[in-house]
Each structure stands twice: as C-alpha cells, then as structure tokens.
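**Q** Provide a 3D model corresponding to the input given below.
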Amino acid sequence: MTLGLGLAALALAFGAPIAAGADELPAPAAGSSSDPGTNSGTASADPAPAVTDAPPTGSPAATDSPTPTPKPPLPFAIVLPAAPVLTLPNGDGLRDSLTVHLTAPSTSPVTLTAVRGTRTVLIARSAPLAGVPGGGSAAIRVPITSLTVGSWTLHASTAGHSVAAPHPVRVGSGIVRTLTLSTDRTTYYPKTPGAPSRVGATVRAADETGASIAVHGSATIAAGTVIHRSPISRADPGTARLTVSGLRGTSAALSARVAGPAGSARSVRRSVTLAPTVITRATVSSTWPTVQPVIDDQLDTVTLSAGASASSGVTVPVHGEIRVSRNGTVVRSWSLTTSATHRVLWDGRVGGRIVVGTYTVTVRERGPDGGTVTRTTNVAVSADHLPYRIRIVAVLGSGNEQGLAIGRVDGATRLFAGVDVGGGDARIDEYDLTGRHLASSAPLPVGHAAEIAVGDDGLLYVANGSATAPTRIGVVDPNGWTLKRTIDAGALGVNGMIASNPAGGFLVFANLPGQPFTVTPMTGDGSLGTSVPVPDPGGLPQGLEVVHGQWWVYSSLTQGNRITKIDPATGNRIDTIELAIPGEGEGEAIDPATGLVYVGCHSPDRFGVLEPVTPG
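**A** Take a look at the predicted model:
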C-alpha cells in the first residue's frame, strides 16, 4: 500500500498520544488486511450522494461566493518515526516508549496491536480518532511493556479494515554487543601539567539494534607497575579522566570495563602514546637595541623578554635563566621556572655604573625531561642622553589642554592653562606650581587658546592659534575672569601664538597661508613691529617663550616633541632639544622668577618642568 501522506502534512492533525494497554491477542488471520480506498477486493460502503445547494425557484443564483473544495479522504495508515527502536529493560528511561500516528478516512475507533511471529500484544483497544479535514487522526503511545527483543510489526484495524505499519519497530535488549574506546589526544605527556597529562576516555556501546546505550563501570591506564583508575558513571557515552603522571615508557594500556542497562560487563582496551616533555624552541628579545642609562626619560632602561616552547604545546616547568654578560663576564641574571614568556627590566648599569659597550643577552631553558635550548641577542649600552628630562608636575582636569603661562596673582606665582571647550570658547584653569588646582574661568570667546602670555599689567593675553582663522588675542583679567578686549592681529596670518617679551610687550608667532613662519613684536595695545622670518620647527607649533635671550618654539612631532632654539637677531635655527615626553605637546611657559621652562602635553593632559640632565 502506498501512503500518500508525509509527516509534515500530518503535523496539524495529530493530538496528544492515547494511553495504550498491553493485552495479549491472537495473531490476525493471514490475508485479512485491507485498506479502504485501495483495490483490495473488500467491499466498501457506497459513497453518500452529493448534495447541491440550489437556490429556491425564482431566486437569483449566488455568484459572489466560491464553492468550497472538499478535502480528499485521508488514507488508513500508521506513520512511524524512521528506524524506530525501543530498548529494554522497561523503566530505565532509555527508549521505553514511542509515539505513532494513525490516520483514517473516518473517525471510527481503531485498535492497535504489535505482532511478532505468532505473538500479538494489544497496544490500544478502540482508540478514538479526532475529526480532521478528510477523516480522523490519533497519536498513540507504544510502550515497551510486554514486548520482547526482536522486530515487531504494528497493525491497526477498524470496521472491517486493517493496515500494517510500513516498517517494524525493533526492540533491543540493552545488553552491550559492540563497544568502542576513544581518547581526546593522540599523545600524552606525563611530566606536563594540565590537559596533556590527562587522558579523556570515551566509551560508546550499542546493543543488537545498533542503537547506543548508556554504560557504567570503570577505566584503567597502566604502564609497568603504575596503575591509575577512574569510575565511569552511567551515561551515553560513558567518560572518564585518568592522569598519566608517573607513568614511564613510550606507551600505556588504556582499558574500560562497562555494562549496559542489562546483561554483564564487557571490556575494551587500546594503547596510548606517551612522550617526554622537552624544550623545543627558545626566544629572547629586547624592546630596543640600545639602552642609555643616563636618566633623561629616553631609553633609560630596556625590557628583556624570554620564553620557550615545549613538546607538549603548553607552559611547563623549566630550569632556566636570562643572563646579561660582557666579554664572558656575567653582569646580571634572572632565574626562570616556567616556559612562559618572562619580561625583566635592566637599567643598563654594571654595579650601578655606566659601562659603555655591547652586551650579550642569553636565555637558556631545560624541560622536565631535558632538552636544553639556548638563544642570544645583543644590547648596546651608550652614555648619550638628552639635555633635559621632564618632571611631571600635575595632571589636569577634563577638557582639551592648550596654552600655558606663568605669572603672579596677588603676589603668588600661578600657572595658567588654556582649555579648549569647543564652539570657539576656551576655559582658563589656574594652578600653583605644585599642580594644585585653584580656580577656573567660565568659557570665554578666545578661540583655541593655543598659547598664553602674562603682560606687565597682570592681564592674560590669549592667542587663538587657529590653523584657519586669522590671529586674534583675547585680553583676560584673572581677577574676576572677564574678557577686557580683543586684539586683531589677523595681518600676521594664522597659527597665532604669543609670549611675553623681556624687552617689553609681546612676541607673536604666526604665518600667512603658504608663507614662512614669523615672529613679530607687539605692544600691549596691539601695535605690531617688524616680522622676523623663522624656520619651520617641524610638526605642529605648540608654544613660544624667550629663554636665555633665545626664542624657544615648542612643537609636537609624530614620534615625540621638540624645542627649536632660534636666534632673534637673524631668525636662524641655533639648535633643537628633543624631549622624551609622549603625547601631543601643548603650551610652553617660563617662570620669570626661576627661569624654569614648563611644557604641556596630552594623553593625559598634564604639564611638567624641564630639568637639566647630568651624567652619572
């Protein structure tokens, strides 16, 4: 018989399974199966006459409602899961029942039986079918109760018709018939900590149906006289974890003895490979090839990194060291206890002294089973240094730090920092020289506040410093934080910065678009003197001060910051000072009382003082 109905098409028709019994019945007589709707030779009831809903005589015929298409009758069929299996013993929760679905062209009650040879077991007697389009349907639970090992065929019968399931239900014994043992690795390392020294064993079992079954028992691994055991809790599949620590040799015997839900225990075994834990590779490197031990915040120390790889692929215990030597004499060393990457800091000194030369850095590591590996690299020690280091005084508050200036307010020395707050406004923060914040202005319309100078009148002259807008200078009273006036210095161009001029008045740094930078004297009322062209300081100009009679232009570069010294008489470059302060430079100031120079910097916003570097 052909079943013209798939599982997906029947899904909407099936309700909850009908509880089933387990009564014994005699086997159905051979040749008694028939199927309504098929050419089986069994008479079937005459179909009901068709009914036509004709409109009454004299009434107009309805033309706007389509006539419903009647559903075709459902086949009389048993729908099973693919390759259905039940597993003994009953009650252990493993495949103790399955659900089958019945369809029929009517809702007449159906009796379901299971047949094996001459034995018949009643599954459900006169089970009701729910009405669905085309007939009736039911979901019936088939328990393993009263079923024995073997293949059982389900039969359904109703009103003189019967049908057999298209394939049998197999009942398994739950006794282990096939058994496999697998491991999570191909090789294990007794002297490596962690996973490489632990065997993950998996036991899979099946009965005569080929369906997997849960097992329980124990697993053992042994080499020589050393044996490790682990229980296997009931599960499908069964698993165990066993250590190989302490095992010697190149292989070990792994075995498992387990039982299924029924029957006696069976054993399976295999060998696993053991391997030594040795160092296979070592590395050593330095953060840079040269260390300059003179303290100037640039290359003052060097970080040495060393590590190793082991045959087991993970970090292992080692006997090792990092050693710094010169001409065969060891000047510094550090012990290593694991193969992980280690980093140590060397100040480049020998007994506290700077000894210029080339030094050899050696890493040597030996694993638990031997295998010593050595690698070397060189580091040069130089007495070179920068003329200044920067001691950070304070980290500023929130905002975008810009220009700096130092002056006196009510007899006390103060540092003023411009902070761009956006929208063409800036805030001015006031600090003492210890970095303690004292006061802040409200946002003022002074632009970017790229640089600040303190006039002889005690007022703050704030240059906008825009790369696109003409130079203008806001004059701010720090007593009350009011903007007194704005000086238009747009004739000098853009990138405006300002500094106090010891000779009187101010100096303004700027450039016309496409023209060289210039430094121009300016009086307090905004009158401009003769501009002096100056060389490009490199990077972005960030500050201007007069130091030791020279113009010091502070600029930020891609890799650090710089002060360019310029001769005011000629406008020529005298020298440059490289500064080891990371982050974009912002603002420069000089303390008139001490002559100390302060610079600002981003990331984080901070300012510090230049201190001369002395060898030693």
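**Q** count the residues that sit near the residue lying closest to residue 297 once chain neighbours are set aside.
**A** With CB to CB, 6 or more residues apart in numbering as the criterion, residue 297 has its nearest non-adjacent residue at 4.0 Å, and that residue is residue 580. Using the backbone N, CA and C atoms, a C-beta is placed for each residue, glycine as well. As a burial measure, residue 580 scores 17 neighbours (other CB atoms under 10 Å).
**Q** for the remainder of this discussion, apply numbering that starts at 23.
**A** Okay, using 23 as the starting number, the last item reads as residue 602.
**Q** ok, now how distant is residue 602 from residue 579?
**A** From residue 602 across to residue 579, the span is 12 Å (CB to CB, to the nearest Å).
**Q** before we move on, what about residue 350?
**A** Distance from residue 350 to residue 579, by CB to CB: 41 Å.
**Q** assess the claim that the residue nearest to residue 319 and residue 414 are in contact.
**A** No. Residue 602 is beyond contact range of residue 414, at 11.9 Å (criterion: CB atoms under 8 Å).
**Q** what helices and strands are in contact with the helix or strand where residue 519 lies?
**A** Using DSSP states H and E, residue 519 maps to strand 516-522. Applying 3 or more CB pairs under 8 Å, 6 or more residues apart in numbering; DSSP states H and E, we find strand 516-522 packed against strand 473-476, strand 482-485, strand 494-499, strand 528-533, strand 562-569.
**Q** now those strands as JSON lines including mean pLDDT, mean neighbour count and distance to residue 374?
**A** Shown next, in JSON lines, are these (pLDDT from 0 to 100; neighbours: other CB atoms under 10 Å; distance: least, CB to CB, whole Å):
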{"stretch": "strand 473-476", "mean pLDDT": "96", "mean neighbour count": "29", "distance to residue 374": "42"}
{"stretch": "strand 482-485", "mean pLDDT": "98", "mean neighbour count": "30", "distance to residue 374": "47"}
{"stretch": "strand 494-499", "mean pLDDT": "97", "mean neighbour count": "21", "distance to residue 374": "50"}
{"stretch": "strand 528-533", "mean pLDDT": "97", "mean neighbour count": "25", "distance to residue 374": "44"}
{"stretch": "strand 562-569", "mean pLDDT": "95", "mean neighbour count": "24", "distance to residue 374": "34"}
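**Q** wait, which of the ones you listed is closest to residue 507?
**A** strand 494-499 (5.0 Å; CB to CB).
**Q** tally of neighbours for the residue nearest to residue 204 when sequence neighbours are not counted?
**A** Counting by CB to CB, 6+ apart, residue 204 lies nearest to residue 224, which is 4.9 Å off, once chain neighbours are set aside. By other CB under 10 Å, 17 other residues sit near residue 224.
**Q** swap in residue 141?
**A** 16.
**Q** residue 238 touches residue 258, doesn't it?
**A** No. With contact defined as CB under 8 Å, residue 238 does not reach residue 258; the gap is 10.3 Å.
**Q** mind listing what residue 389 touches?
**A** By CB atoms under 8 Å, 6 or more residues apart in numbering, the contact set of residue 389 is 213, 298-301, 330, 332-333, 338-340, 361.
**Q** out of the residues you listed, which is nearest to residue 98?
**A** Closest to residue 98, out of all of the contacts of residue 389 and judged by CB to CB, is residue 333, at 68.3 Å.
**Q** look up phi and psi at the closest one.
**A** phi -60, psi -30 (degrees, to the nearest 10).
**Q** for it, which non-adjacent residue is spatially closest?
**A** residue 300 (5.0 Å).
**Q** so that neighbour touches residue 332, yeah?
**A** Yes. Using CB under 8 Å, residue 300 is in contact with residue 332, at 6.9 Å.
**Q** okay, the two: which has more neighbours?
**A** Legend: neighbour count by other CB under 10 Å for residue 300 and residue 332, higher for residue 332 (27 against 19).
**Q** wait, doesn't the more buried one sit right on residue 338?
**A** Yes. If you go by CB under 8 Å, residue 332 and residue 338 touch, sitting 4.4 Å apart.
**Q** between those two, which contacts overlap?
**A** 214, 299, 301, 361, 389.
**Q** number of residues surrounding the third one?
**A** Burial of residue 301 is recorded as 25 neighbouring residues (other CB under 10 Å).
**Q** contacts only, for it.
**A** 330-333, 338, 340, 361, 387-389, 393-395.
**Q** repeat for the second one
**A** With contact set as CB under 8 Å, 6+ apart, residue 299 has these partners: 211-214, 332-334, 338, 389-391.
**Q** may I see the PyMOL selection of the buried members of those?
**A** In PyMOL, this line selects whichever of the contacts of residue 299 come out buried by 16 or more other CB atoms under 10 Å:
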select buried, resi 211+212+213+214+332+333+334+338+389+390+391
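**Q** out of the helices and strands packed on strand 516-522, which is closest to residue 306?
**A** strand 562-569 (38.9 Å).
**Q** for the closest one, packing partners?
**A** So strand 562-569, by 3+ CB pairs under 8 Å, 6+ apart, packs with strand 473-476, strand 516-522, strand 528-533, strand 572-579, strand 607-612, strand 619-623.
**Q** strand partners (parallel or antiparallel) of the second one?
**A** The strands that strand 516-522 pairs with in its sheet are strand 528-533 (antiparallel) (by DSSP bridges).
**Q** and the partner strand with strand 562-569, angle?
**A** Calculated by axes from the mean of the first three to the mean of the last three CA atoms, to 10 degrees, strand 528-533 forms an angle of 150 degrees with strand 562-569.
**Q** centre of the chain to strand 528-533, how far?
**A** 51 Å (CA atoms, centre = their mean, to the nearest Å).
**Q** could I have the CA atoms of that strand written out in CSV?
**A** Output in CSV follows, covering the C-alpha atoms of strand 528-533 (Å, rounded to 0.1, in the frame of the first residue of the first chain):
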residue,chain,number,x,y,z
PHE,A,528,55.0,90.6,23.4
LEU,A,529,56.1,88.4,20.6
VAL,A,530,53.6,86.8,18.2
PHE,A,531,54.3,83.7,16.2
ALA,A,532,52.2,83.2,13.1
ASN,A,533,52.3,82.8,9.3
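**Q** the nearest residue to residue 170 once chain neighbours are set aside sits in which helix or strand?
**A** Take residue 170 and drop its neighbours on the chain: the residue closest to it by CB to CB, 6+ apart is residue 193, 6.5 Å away. Assigned by DSSP H and E, residue 193 falls within strand 191-194.
**Q** which helices and strands sit right next to the next helix or strand after that strand?
**A** Helices and strands here follow DSSP H and E; after strand 191-194, the next one along the chain is strand 200-205. Applying 3+ CB pairs under 8 Å, 6+ apart, we find strand 200-205 packed against strand 220-228, strand 273-281, strand 288-296.
**Q** any idea of the angle strand 200-205 forms with strand 273-281?
**A** Using the same axes, to 10 degrees: strand 200-205 against strand 273-281 is 140 degrees.
**Q** and strand 200-205 with strand 220-228, angle?
**A** Using the same axes, to 10 degrees: strand 200-205 against strand 220-228 is 160 degrees.
**Q** what about strand 200-205, average pLDDT?
**A** Strand 200-205 comes out with an average pLDDT of 97.
**Q** would you mind listing the buried residues in it?
**A** For strand 200-205, using 16+ other CB under 10 Å, the buried residues are 201, 203, 205.
**Q** okay if I get the helices and strands packed on strand 562-569 as CSV plus distance to residue 150?
**A** Formatted as CSV, the helices and strands packed on strand 562-569 follow (distance: least, CB to CB, whole Å):
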stretch, distance to residue 150
strand 473-476, 95
strand 516-522, 94
strand 528-533, 98
strand 572-579, 88
strand 607-612, 88
strand 619-623, 87
